[in-house]
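> okay, sequence plus prediction incoming.
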Amino acid sequence: MPETGLTLDAVSVLLVWTAVAIYALAFVAYAVDLARRSDLAVKAKDAVVTRQLVGAGGPPTVEAPTPPAQRVAARPRYVWARIGTSLTVLGFLFHVGADVTRGIAAGRVPWSNMYEFALTGTMLIIAVYLVVLFRYDLRFLGAFITGLVVVLLGGTLVGNLYVAVTPLADPLKSVWLVIHVFVASLATALFALAFALSVLQLMQSRRERLALAAASGEAAAKTGPRFLRTIPSADALESLAYRFTIVGFMFWTFTLIAGAIWANDAWGRYWGFDTKEVWTFVVWVLYAGYIHARATRGWRGNRSAWLAIIGFSAVMFNFTIVNMFFKGLHVYSGLS
């Protein structure tokens, strides 16, 4: 049995590396898609300028009606976005295989230490992204999401955060391990989507502001990356980020409550100002502040986007710095 466990664990690591490589290819495909979107935006702008010149007294032109089939063919199909999404799905399948084989090798759920949490957490980020694509066309986020997963998941492998399968510490031998950590991972995945949308919101808001200034003759026409013209407005991006944050916040609230119940079962107290507990609460406060500020009209726009970015930065700080450099009762969630 030990040899079988080691073999499965080795297979899991191989599947992780394969998933990272495929995600990296998906990132390249999505990056090419953003570049292609920039070209399409320039062509669309040139077409608008040509029509304006004709309407202002330029040489008259007579355009024959475009057949319906050609009109459909002329629409941007974003082929590279499709390729990126297909590669993301393929990488996700390898990722799930790595997570499952790690769990089978360990004989438990695969999220009892930092390496396993990264493995499962990044898998859920991709899972949430792919599920959301059924409702919203967020493929313009593909480069951000796959790039983030490559950095986080690849970093755990390159940064020597991998640990072999070990028995569970006594406090972890609880059903709350399954519930508490999984829900926290799911909340993190939703916060990651909101983070990516908030970054794009800031970029789009700047483009819209510069475009408005250029239209009024107050500034030059340069407005930033051209692919921004092919994605939703800053207000639409903010609305989506807010929706994902609301759902993520509900899961994080449950995480905080479940963690307190688990702490009482394991250590006989609901709250003990352990470093991990404090930072989990800090994250909760930041996102509660974001939701409250977003509900206040004066804090919409760029300021609410920055709050979402700060909140996710606190989540990443909690996962990395707190796990690796702070001591406490949650030390087993780090490199043990």
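That came through, no problem. Numbers count the residues shown, from 1 in each chain.
> break this structure down into its domains, please.
Domain assignment for the chain, taken from automatic domain parsing, gives 1-116+137-154, 168-336.
> contacting residues around the closest residue in space to Gly103 that isn't next to it in sequence?
Nearest residue to Gly103, sequence neighbours excluded (C-beta to C-beta, 6 or more residues apart in numbering): Pro110, at 4.0 Å. (C-beta placed from N, C-alpha, C; glycine too.) For Pro110, the contact set (C-beta atoms under 8 Å, 6 or more residues apart in numbering) comprises Asp99, Val100, Arg102, Gly103, Glu116, Leu119, Thr120.
> can you do 10 Å?
Applying C-beta atoms under 10 Å, 6 or more residues apart in numbering to Pro110 gives the contacts 12, 98-104, 116-117, 119-120, 123, 165.
> need the least confident one among the domains of the chain, by mean pLDDT.
Note on the domains of the chain: domain 1-116+137-154 shows the lowest mean pLDDT, a mean of 76.
> rewinding a little: how about JSON lines for the contacts of Pro110, with distance to Trp252 and secondary structure added?
Output for the contacts of Pro110, formatted as JSON lines (distance: C-beta to C-beta, whole Å; DSSP: H, G, I helix; E, B strand; the rest coil):
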{"residue": "Ser12", "distance to Trp252": "28", "secondary structure": "helix"}
{"residue": "Ala98", "distance to Trp252": "26", "secondary structure": "helix"}
{"residue": "Asp99", "distance to Trp252": "22", "secondary structure": "helix"}
{"residue": "Val100", "distance to Trp252": "26", "secondary structure": "helix"}
{"residue": "Thr101", "distance to Trp252": "29", "secondary structure": "helix"}
{"residue": "Arg102", "distance to Trp252": "25", "secondary structure": "helix"}
{"residue": "Gly103", "distance to Trp252": "24", "secondary structure": "helix"}
{"residue": "Ile104", "distance to Trp252": "29", "secondary structure": "helix"}
{"residue": "Glu116", "distance to Trp252": "20", "secondary structure": "helix"}
{"residue": "Phe117", "distance to Trp252": "15", "secondary structure": "helix"}
{"residue": "Leu119", "distance to Trp252": "20", "secondary structure": "helix"}
{"residue": "Thr120", "distance to Trp252": "16", "secondary structure": "helix"}
{"residue": "Met123", "distance to Trp252": "18", "secondary structure": "helix"}
{"residue": "Val165", "distance to Trp252": "29", "secondary structure": "coil"}
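> can you pull out the helices in this structure?
Ranges of helices within the chain are 2-55, 68-74, 79-106, 114-132, 142-158, 175-215, 234-267, 275-295, 302-319, 321-325, based on DSSP state H.
> tell me which of the ones you listed sits nearest to Leu228.
Across those, Leu228 has its closest neighbour in helix 175-215 (4.7 Å, C-beta to C-beta).
> gap between that closest one and the chain center?
7 Å (C-alpha atoms, centre = their mean, to the nearest Å).
> ok, stretch 122-135 next?
Distance of stretch 122-135 from the chain centroid (C-alpha atoms, centre = their mean) equals 9 Å.
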